[in-house]
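Asks: sequence first, predicted coordinates after that:
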Amino acid sequence: MITQESLQVVKDGFAAFGRGDLAGLLDLMAEDVVWEIPGAGLPLAGTYRGRDGVASFFQKLSAEAEILDFQPREFLADGNRVLVVGWERTKVRATNRTIEVDWVMAFTVRDGKVSAYRQYVDTKLLASAYEAAAQAAS
């Protein structure tokens, strides 16, 4: 029955995120969680380790972007793996550009906590949203 437990942990995380409860979200993370965001050169890209690393990611996210609409649309679970398919509309603060992007988020749950996360998203679209800021900085 680990599938249902894993699914519930991830759904609880999305609920905490939706209500702006960062402490509640971090409580769902394993001490050694590995949080991966693709997109070399993008402001949020990188591997964040541990709860402090995940907290740092969310602080950066808040500074870099304003999420206007965030919709997890489908949850798929098998054992300790949960995939979430969704969509969001986000405004990049540095360029004031708004983008709409589909994504897949992959979670691994261990002992009732998220132990790994990886986001799959159109990094070219994200880069274009940040492009004007990068050109202005150079």
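Replies: That came through fine.

Asks: what's next to stretch 92-102, contact-wise?
Replies: By C-beta atoms under 8 Å, 6 or more residues apart in numbering, the residues outside stretch 92-102 that reach it are 43, 63-66, 68, 85-91, 121-122, 125-126, 128-133. C-beta: built from backbone N, CA, C; applies to glycine.

Asks: and that stretch, how far from the chain's centre?
Replies: 15 Å (C-alpha atoms, centre = their mean, to the nearest Å).

Asks: mind listing what the residue positioned nearest the centre of the chain touches?
Replies: Centroid-nearest residue in the chain, with C-alpha atoms, centre = their mean: Q119, separated by 6.2 Å. Q119 makes contact with 36-38, 103-106 under the criterion C-beta under 8 Å, 6+ apart.

Asks: sorry, back to before: now, of the contacts of stretch 92-102, which are buried?
Replies: With burial judged by 16 or more other C-beta atoms under 10 Å, the buried subset of these is 43, 64-65, 86, 88, 90, 121, 126, 129-130, 133.

Asks: next, format those as TSV and append distance to G18.
Replies: Listed next are these as TSV, based on distance: C-beta to C-beta, whole Å:
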residue	distance to G18
P43	23
E64	19
A65	16
G86	12
E88	12
T90	15
V121	19
L126	22
A129	23
Y130	25
A133	28
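
Asks: where in the protein is pLDDT low?
Replies: Filtered on pLDDT under 70, the chain yields the residue ranges 1, 132-138.

Asks: any idea where the helices of it begin and end?
Replies: Shown for the chain, the helices assigned by DSSP state H span residues 2-18, 22-27, 50-64, 123-137.
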